[in-house]
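Participant: task: produce atomic coordinates for the following.
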Amino acid sequence: MLGHVSFGVKDLVRAGVFYDAVLRPLGWVRIWDDPRGLGYGRLGEGEKLNLFPHVEARPPGPGFHLAFDAPDRAAVDAFHAAALAAGGTDRGAPGLRPVYGSTYYAAFVIDPDGHRLEAVHQ
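Facilitator: As a prediction, this is how the structure comes out:
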């Protein structure tokens, strides 16, 4: 459905450290890297998330978040732990979310630039 999503970040190096750590458990890697930005995705599938440096970077408004599919519950747990260790903010520890479905296992964080992120395994 979507080709990719792009976020503006205030500090590209800091964002790279954060996203390298949190996306690794989900099977994502840095696909490209240059002074103009960073691209992440699964090998062989191209970038799905791009980060570009912007002095005035701001996260999207209320209600927006980006949810990443996780291969299993352990990956959701690892995503959450990596996010907190890399400077993210907890917005919901890993666990079942029965309001979304009986097998909906997710964790929620905010990255250092304020972008709301989720890892989910169903």
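Participant: residues contacting the residue at the greatest distance from the centre of the chain?
Facilitator: Taking C-alpha atoms, centre = their mean, the residue of the chain most remote from its mean C-alpha position is Ser102, at 23.4 Å. By C-beta atoms under 8 Å, 6 or more residues apart in numbering, the contact set of Ser102 is Leu96. C-beta coordinates here come from the backbone N, C-alpha and C atoms, glycine included.
Participant: name the SS class of it, please.
Facilitator: Assigned state for Ser102: coil (three-state reduction, DSSP: H, G, I helix; E, B strand; the rest coil).
Participant: likewise for Val76?
Facilitator: Relying on three-state DSSP, one would call Val76 helix.
Participant: does the most centrally placed residue in the chain count as helix, strand or coil?
Facilitator: Nearest residue to the geometric centre of the chain (C-alpha atoms, centre = their mean): Leu117, 5.1 Å. What three-state DSSP gives for Leu117 is strand.
Participant: quick one: residues contacting it.
Facilitator: Counting by C-beta under 8 Å, 6+ apart, Leu117 touches Val22, His65, Leu66, Ala67, Phe68, Ala83, Gly88, Phe108, Val109, Ile110, Asp111.
Participant: need the max-distance pair from those.
Facilitator: For the contacts of Leu117, the maximum inter-member distance is 15.0 Å, found between Ala67 and Gly88 (C-beta to C-beta).
Participant: which one's more surrounded, those two?
Facilitator: A direct count of neighbours by other C-beta atoms under 10 Å for Ala67 and Gly88 places Gly88 higher, at 22 against 12.
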